[in-house]
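[1] no sequence on this one, just coordinates:
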């Protein structure tokens, strides 16, 4: 009797841990919501394009809604919209989280009511209420890429500063921490990080913050901006002040917005992943979850159309959470930026 | 004046009827119990503060610092929990802090005599600054289960504790405002602080009580916010003051003081919540939601003043 029970238990463990590699079926019905941090900046529009591409490809009979809050109402707005989507019994909300753990309660309520929450771009820090996080790149590798760009632009030595988004932006903080970790390496010992300031992802505030950095640090050779808003604002500020010979800009930016600054030498190198691809992969993952092609367990494989296969794995950056890693990075310079900007 | 108020409130009832009818016909989920609970719960902290804000604006003043007091109270609560002290003590300390922050506002307004617009603009920035310094870029979670349940779970039926706090405040403050001597003083001072002063009313005392109450109620709202979201961050409740003031002004309370009623504000709260919820259920995106509420506010400030002008010209 005991033996049978043991076998049953063992079989149950086996079944529950079996990972699924099913091809997603086209023409299913999945009602999905794409919820960005807020409206009106280019990367989120690109993610939307990727999601819409996947929506057509999969011939989803359900709906794809793109809704988001305004920047000044981002936290409360995201919580409200996630709650509303739960009321509407949507299958999956694809969330680029801007509310930190403040949204965890709403996400848990969504899961309890049968609405899955797939995060992309920016996860729920505690992972509570989150089915899986579609990570653009490995957060640790962003640190290395930024440190390497700083190293190559400054010729291996000099002072530089960081112009970030908001002081509580989870991904920017993680990337800056990763970069500081990388800077401890011997290769970077002559690079000196002198300041970190915040432009709140607003163009004018970031522009002024960049100019304040210039006034404050006379020997500064580079502004590193790990935000698509900050990098453009800093580049424009230095170009307007005709300082691009002395001080360069680098960081994470969108090719279409950065092309002129890269060609005129203000921002010789910057990096990014494709937000179109991120939206596309997030959509495929969510559709597979909604149509029960995958359960969302570690080891499950998503067959994401033109992008190939991706596996759900444990997220090394956060305890007890799951992620799908998109990767890799593209570093843009004079050679490739024009092609990517089209 | 009472005729004017009556007509404004009947206009609000009409608008409320229309928004409700539109919501019911276009959004099938609108009338579900869960949605009705969500509708209140998502904005409960704002509407709690709107009750005391009504008295302050009728009194001819304004308190812009309410959301910052909420944020600072929530962040202080998080910090106290984080160092391992019991939540019950943290609640008391935070309510005390709110009363103190309100008293600081009251001191500058009544004793030093600086306009409340200036004083509370300064404390809006200052109190928020303290909140951000306290937590920097951390978020704090791990509150006790009973505390989170207070913010989230139904106390009676599906209605959480915060809803009853709101209902109690509406009842108490409308009696105070419309049925007591203190309420009459609030109106008289709002009409003209100078006249009130020379007729022997203790202007400073009335104003101080209101701002201290506002601080305490805002701190309580901050705790409800922390409990509902089970976490706090430096930007907790950021920008809520505008939504709160919008609800009060739309309720027919004059920004110049001396006019308004709790009934009007309650109606306006229902309108704003219904509108937001309906637009969300119809998948109308953030920009348009803000624009619609903005247009409502413009109308609510301009129309009563225009009517007032016309009335004074015709007499």
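    Thanks, I have it. Owing to the predicted nature of the structure, the values given are computational and were not obtained by experimental measurement.
[2] and the helices in chain B?
    For chain B, helices defined by DSSP state H occupy the ranges B:2-26, B:33-41, B:44-58, B:66-82, B:87-106, B:116-135, B:145-152, B:161-179, B:181-191, B:193-198, B:203-229, B:240-250, B:262-281, B:286-314.
[3] nearest to residue A:126, out of those helices?
    helix B:203-229 (12.1 Å; CB to CB). Heads up, the C-betas are built off the backbone N, CA and C, glycines and all.
[4] what angle do helix B:87-106 and that closest one make with each other?
    Here the directions of helix B:203-229 and helix B:87-106 differ by 140 degrees (axes from the mean of the first three to the mean of the last three CA atoms, to 10 degrees).
[5] and chain A, is helix B:203-229 touching that?
    Yes: Helix B:203-229 reaches chain A (CB under 8 Å from any CB of the partner chain) through B:228, B:229.
[6] show me what counts as buried in that helix.
    Neighbour counts over helix B:203-229 (16 or more other CB atoms under 10 Å in any protein chain shown) mark B:203-204, B:206-229 as buried.
[7] cool, stretch A:283-296 as well?
    For stretch A:283-296, burial by neighbour count (16+ other CB under 10 Å) applies to A:283, A:284, A:285, A:286, A:287, A:288, A:289, A:290, A:291, A:293, A:294, A:296.
[8] could you dump the helices of chain B to TSV with mean pLDDT and distance to residue A:192?
    Shown next, in TSV, are the helices of chain B (pLDDT from 0 to 100; distance: least, CB to CB, whole Å):
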stretch	mean pLDDT	distance to residue A:192
helix B:2-26	83	58
helix B:33-41	90	50
helix B:44-58	97	45
helix B:66-82	96	33
helix B:87-106	97	41
helix B:116-135	95	26
helix B:145-152	89	45
helix B:161-179	96	50
helix B:181-191	94	59
helix B:193-198	84	58
helix B:203-229	96	39
helix B:240-250	92	41
helix B:262-281	93	48
helix B:286-314	81	41
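[9] let me have those helices in CSV, extended by distance to residue A:318.
    Below are the helices of chain B laid out as CSV (distance: least, CB to CB, whole Å):
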stretch, distance to residue A:318
helix B:2-26, 39
helix B:33-41, 28
helix B:44-58, 29
helix B:66-82, 19
helix B:87-106, 26
helix B:116-135, 19
helix B:145-152, 21
helix B:161-179, 31
helix B:181-191, 52
helix B:193-198, 56
helix B:203-229, 19
helix B:240-250, 29
helix B:262-281, 29
helix B:286-314, 28
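[10] tell me which of the buried residues of stretch A:283-296 fall in helices.
    The helices, defined by DSSP H, take in A:283, A:284, A:285, A:286, A:287, A:288, A:289, A:290 from the buried residues of stretch A:283-296.
[11] the third one touches residue A:118, doesn't it?
    Going back to what we said before, that points to residue A:285. Yes: counting by CB atoms under 8 Å, residue A:118 is a contact partner of residue A:285 at 5.9 Å.
[12] can you give me the domain assignment for chain A?
    Taking automatic domain parsing as the reference, chain A has its domains at A:20-137+A:275-328, A:139-272.
[13] for the record, mean pLDDT for the longest one?
    It stands for domain A:20-137+A:275-328. Average pLDDT, domain A:20-137+A:275-328: 92.
[14] does it reach chain B?
    Yes: Domain A:20-137+A:275-328 is in contact with chain B by CB under 8 Å from any CB, via A:38-40, A:65-70, A:72-73, A:75-77, A:79-81, A:83-84, A:87-89, A:100-106, A:125-126.
[15] what subset of those is buried?
    Buried subset of the residues of domain A:20-137+A:275-328 next to chain B (neighbour count, 16+ other CB under 10 Å): A:38-39, A:65-70, A:73, A:75-77, A:79-81, A:83-84, A:87-88, A:100-106, A:125-126.
[16] in strands only, show me the residues you listed.
    A:65, A:66 (DSSP state E).
[17] ramachandran coordinates for residue A:225?
    Residue A:225 adopts backbone torsions of phi -120, psi 100, taken as degrees, to the nearest 10.
[18] kindly report the same for residue A:95.
    phi -120, psi 120.
[19] list the contacts for it?
    Neighbouring residues of residue A:95 by CB atoms under 8 Å, 6 or more residues apart in numbering or on different chains: A:35, A:78, A:82, A:103, A:107, A:117, A:118, A:119, A:120, A:124.
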